[in-house]
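**Q** structure for the following, please:
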Amino acid sequence: MRFKQTETPLLAAMQHYIQDGVIPFHTPGHKQGKGMHSTLEKLIGKDALALDLALIEELDDFYEPYGCIKDAQDLAAQLYGADHSFFVINGTTGGIYAMILATAGPGEKIIIPRNAHRSIISGIILSGAIPIFMQPEVDNELGMAVGVAPETVEATVIEHPDAKAVLVINPTYYGVATDLKKIVEIIHKHEMVVLVDEAHGPHLRFSSRLPIQAIDAGADICAQSSHKIIGALTQSSLVHCREGRIRVPHLKAMLQLTQSSSPNYIMLASLDVARMQMAVEGSKLIEQAIDLANWTRQEINKIPRLYCFGAEKIGNPGVFDMDPTKITVTVKGLGLTGAEAEKILRHEYKVQAELSDLYNVLFLITLGDGQYEVDMLVAALADMAAKYAGAYDFSVFESCVNTCHPIAPQGILSPRDALFGNTCMVPFEQSAGMVCAEIVTFYPPGIPVLCPGEGITQEIIDYCQLLKQGGMHISGPEDCTLKTIKVVDEYGENILSNR
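**A** Sure, this is the predicted structure:
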């Protein structure tokens, strides 16, 4: 290794280029800020704008790095225990696209959880692969999907021995981790590749009080959002892999396919610096964040009618471990929906949550937080709990969430064929027997009821109507009221013409 973890080879090369007094006749057009309008120039600053550079010899080649970018990526691989690490500047979405494209091609099976993020479905559409869904466990008290149990993974890989890969989400957005090490062993025993959507885990390696990170659990490849928890700029992520089951030249080709040939060097530099920061003081910073989060959780649980789940959930189905830096506050005891609580906190207390669902509001405690911030959060929650109560009767919602989920629909077409085929809108209540051409998801628990290419059954229609009557939030379809649904045209026309 030419460089130490205390160094930032990419940023150093960029700074050297600026200090050398080069007269740039290359992109970007603002020429180190000189042509930038003053409105933006004042906000960003000349020093930052000067680092908005282009691909030139001494700043390496993003697609085929040989110099400072390669050195920075090699340092990331060393820090995270990977054989190779790659910078991604279109978010973890781009990393997930590349992972899927590198492991499952047209017509090949890939096993994924039913509560997969949209980026996973999109990656499968791009690849032309066939998704095989696993059902995650559901925590009805919290109204959310948690992890996929190892037993579910094993049953699925046995049923589909021809699958190329299995993609696992770990940890979830809410910080719930499954038994990843056991799952990896099961998948490898069946000679399949293990992909992990680790968007919410770039900090896991830096504390023994956190779930195991994917590479340490033996996964073949993972994608992490370095901007979500640690100090990189938004849209800056990492892909880590092990050699063997991953053909690295092919992965590099897929990363080139899914990323710009004109990368933003400031974003690349932020990955270099974030890696250095974690190498130098990551353990201290993450331990502080965990301590703050644990204190915050304890204080929130003292507030009447609020609940912030923690280690007591470990051992439940789909919950092997948890990341305490994710603060999930269940507000249904107030009679508020999560969305209502989020709005109240933002507009009355100037506290902004990461997200909300029907029951919960999620807050992230990161290396950027201190005691002042968590004090303000706890005070805002306490005051909100004292002022608001009784807006809804949640027994209606809970009866819907606890309703037995219908049998998973049959895949008729690949998601790609369904999405790019001729489609039409039909009345949802008349769509039985047709092939869905979009995603239909209800929150809670956030598990898609229908995905592109799946056959619509009367059981699914009845189930969706029940959830609609219960006030569940619909996400995904073009018609968010689900009065109509997009279906593959030839199936829709044929069936409707026979009625």
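**Q** need the contact list for the residue sitting nearest the centre point of the chain.
**A** Centroid check for the chain by Cα atoms, centre = their mean gives A199 as the closest residue, at 4.7 Å. The contact partners of A199, by Cβ atoms under 8 Å, 6 or more residues apart in numbering, come to T92, H117, A223, Q224, S225, K228, S237. For the C-beta atoms, the positions are set from N, CA and C on the backbone; glycine is no exception.
**Q** out of the residues you listed, the closest to G455 would be?
**A** G455 has its nearest neighbour among these in H117, at 23.3 Å by Cβ to Cβ.
**Q** need the pLDDT of the nearest residue to the closest one once chain neighbours are set aside.
**A** Of all residues not flanking H117 in the chain, D197 sits nearest, at 6.4 Å (Cβ to Cβ, 6 or more residues apart in numbering). What the model reports for D197 is a pLDDT of 97.
**Q** cool, and the one 10 residues further on?
**A** The per-residue pLDDT reported for S207 equals 98.
**Q** so where's the stretch 1-150 of the chain uncertain?
**A** The model of the stretch 1-150 of the chain has pLDDT under 70 over residues 1.
**Q** neighbour-wise, which one of the contacts of A199 leads?
**A** Q224 (32 neighbours; other Cβ atoms under 10 Å).
**Q** pretty sure that one contacts S237?
**A** Yes. Counting by Cβ atoms under 8 Å, Q224 touches S237, with 6.1 Å between them.
**Q** intersection of neighbour lists for these two?
**A** Taking Cβ under 8 Å, 6+ apart as the contact rule, Q224 and S237 both touch T92, G95, A199.
**Q** turn these into a markdown table, including distance to K46.
**A** Below are the shared contacts of Q224 and S237 laid out as a markdown table (distance: Cβ to Cβ, whole Å):
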| residue | distance to K46 |
| --- | --- |
| T92 | 31 |
| G95 | 32 |
| A199 | 34 |
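**Q** quick check, nearest of these to L10?
**A** Distances from L10 to the shared contacts of Q224 and S237, taken as Cβ to Cβ, are shortest for G95 (18.4 Å).
**Q** where do the helices sit along the stretch 201-350 of the chain?
**A** Remark: helices assigned in the stretch 201-350 of the chain by DSSP state H, counting those that start in this stretch are 226-229, 248-258, 265-300, 338-349.
**Q** follow-up on the earlier one: the residue nearest to the centre of the chain in helix, strand or coil?
**A** coil (DSSP: H, G, I helix; E, B strand; the rest coil).
**Q** any idea how far L238 is from it?
**A** 10 Å (Cβ to Cβ, to the nearest Å).
**Q** tell me, what's touching these two both at once?
**A** Common neighbours of A199 and L238 (criterion: Cβ under 8 Å, 6+ apart): A223, Q224.
**Q** run a quick neighbour tally on D291.
**A** The criterion is other Cβ under 10 Å. On that basis, D291 has 14 neighbouring residues.
**Q** I should have written V280 there, sorry.
**A** Neighbours of V280 using other Cβ under 10 Å come to 12.
**Q** do R297 as well
**A** Per other Cβ under 10 Å, the neighbour tally for R297 reads 22.
**Q** now it, nearest residue through space, not along the chain?
**A** Nearest to R297 is C308, by Cβ to Cβ, 6+ apart, at 4.7 Å.
**Q** contact partners for the one you found?
**A** Each residue near C308 by Cβ under 8 Å, 6+ apart is listed here: T296, R297, I300, N301, I327, T328, V329, T330.
**Q** where does the third one land on pLDDT?
**A** So that's I300. Model confidence at I300, given as pLDDT, is 98.
**Q** and the nearest residue to it once chain neighbours are set aside, bridged to which residues?
**A** Distances taken as Cβ to Cβ, 6+ apart put C308 closest to I300, at 4.3 Å, once the chain neighbours are dropped. Beta-bridge partners recorded for C308 (DSSP bridges): V329.
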